[in-house]
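Next comes the sequence, and after it the predicted model I'd like to discuss.
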Amino acid sequence: MTDDLSAVLELREAQPVFEESGLTSIPYSLRLMPGDCLLIACRDSLRASRFADLCSGLVPLISGQVLCQGLDWHGLAETRAWALRGRIGRVMQQGAWIDLFGTDQNILIQQLHHTRTKTEAIVAEAIALSRRFGLPGLPTLNPARLTAADRAKAACVRAFMGEPRLLLLEDPVDLETADMMTAFLAELTAARERGCGVIWFSREPDLWRGYNAAGTQRLRLLDEGLMPMKQVM
């Protein structure tokens, strides 16, 4: 049996405070190992975001634990907690862009703040990821001036930067085109092969049709909690 500390993310009967999270105050349990992928269907985008907050240690608990890389969020000093969040890549429903900065600065800031990697190497990685996601290069315009499609691509670039240990992807990109789906799945596969655990939320689980990689589970996030869903073929 694998040691508990090897789990990328673990919810142990974690019961959130409703007033702080908006999530139903029921216990949530899951265990995400390196390279695992949870596909979570959730038609309520706000609920998906709040559940991602729960996984990120941003929601107070009535009882239970949420652990990331074996560390209990609620036992960490604030500085250590934010350093650990620096190992999480996230695509957020509302974008979470700082419009005072260019998109390039929005993409780079987490790695510049949380790592000692040289700036030149961080920029080079961002440029390479941008091109793989179909952008001509690292976008410098204000996020509000990008098209919705390019903002979604930039959000994926930001999430995949720095070889994260955990990815929380809330309806990540417009995957309706074959090229975008191919690019996204290539980066997702590479991340999982490096040992990254992934939670991919979607309002349209048909997007997962045909994605049957090993180590993948399918769940629904409902008022009643996390429920198994039938395999999507």
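Right, received. Where do you want to start? Numbers count the residues shown, from 1 in each chain.

And the strands in this structure, which stretches?
Along the chain, the segments classed as strands by DSSP state E run 9-16, 28-32, 37-41, 61-68, 71-72, 88-91, 166-170, 197-202, 216-222, 225-228.

now the ones you listed in CSV, with mean neighbour count, mean pLDDT and distance to Thr115?
The C-beta positions use only the backbone N, C-alpha and C, and glycine is treated the same way. As requested, these are exported to CSV (neighbours: other Cβ atoms under 10 Å; pLDDT from 0 to 100; distance: least, Cβ to Cβ, whole Å):
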stretch, mean neighbour count, mean pLDDT, distance to Thr115
strand 9-16, 20, 96, 21
strand 28-32, 18, 96, 23
strand 37-41, 22, 96, 25
strand 61-68, 18, 96, 17
strand 71-72, 14, 96, 18
strand 88-91, 23, 95, 13
strand 166-170, 24, 96, 16
strand 197-202, 24, 96, 19
strand 216-222, 17, 94, 29
strand 225-228, 13, 92, 32
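
TSV for those, including distance to Phe184?
Written out in TSV, the entries for these read as follows (distance: least, Cβ to Cβ, whole Å):
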stretch	distance to Phe184
strand 9-16	21
strand 28-32	19
strand 37-41	13
strand 61-68	24
strand 71-72	29
strand 88-91	10
strand 166-170	9
strand 197-202	10
strand 216-222	15
strand 225-228	24
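
Quick check: which of those strands is nearest to Pro139?
strand 88-91 (15.7 Å; Cβ to Cβ).

Pull out the buried positions in stretch 100-111.
Of the residues in stretch 100-111, those scored as buried under the neighbour-count criterion (16 or more other Cβ atoms under 10 Å) are Gly102, Thr103, Asp104, Asn106, Ile107, Leu108, Gln110, Gln111.

so can I have JSON lines of these showing distance to Ala190 and pLDDT?
Rendered in JSON lines, the data for those read as follows (distance: Cβ to Cβ, whole Å; pLDDT from 0 to 100):
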{"residue": "Gly102", "distance to Ala190": "27", "pLDDT": "94"}
{"residue": "Thr103", "distance to Ala190": "23", "pLDDT": "95"}
{"residue": "Asp104", "distance to Ala190": "22", "pLDDT": "95"}
{"residue": "Asn106", "distance to Ala190": "23", "pLDDT": "94"}
{"residue": "Ile107", "distance to Ala190": "18", "pLDDT": "95"}
{"residue": "Leu108", "distance to Ala190": "20", "pLDDT": "94"}
{"residue": "Gln110", "distance to Ala190": "19", "pLDDT": "86"}
{"residue": "Gln111", "distance to Ala190": "17", "pLDDT": "86"}
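
Please report how far Glu224 lies from Thr216.
Glu224 sits 22 Å away from Thr216, going by Cβ to Cβ, to the nearest Å.

if we can go back for a sec, okay, and which of the buried residues of stretch 100-111 map to helices?
When the buried residues of stretch 100-111 are checked against helices using DSSP state H, the ones located there are Thr103, Asp104, Asn106, Ile107, Leu108, Gln110, Gln111.

Just name the closest of these to Trp97, please.
When these are compared for distance to Trp97 (Cβ to Cβ), Asn106 comes out closest, at 5.5 Å.

contacting residues around that closest one?
With contacts defined as Cβ atoms under 8 Å, 6 or more residues apart in numbering, Asn106 is in contact with Trp97, Ile98, Pro143, Ala154, Arg158.

What is the most widely separated pair among the residues you listed?
For those, with distances taken as Cβ to Cβ, the pair at the greatest spread is Ile98 and Ala154 (12.6 Å).
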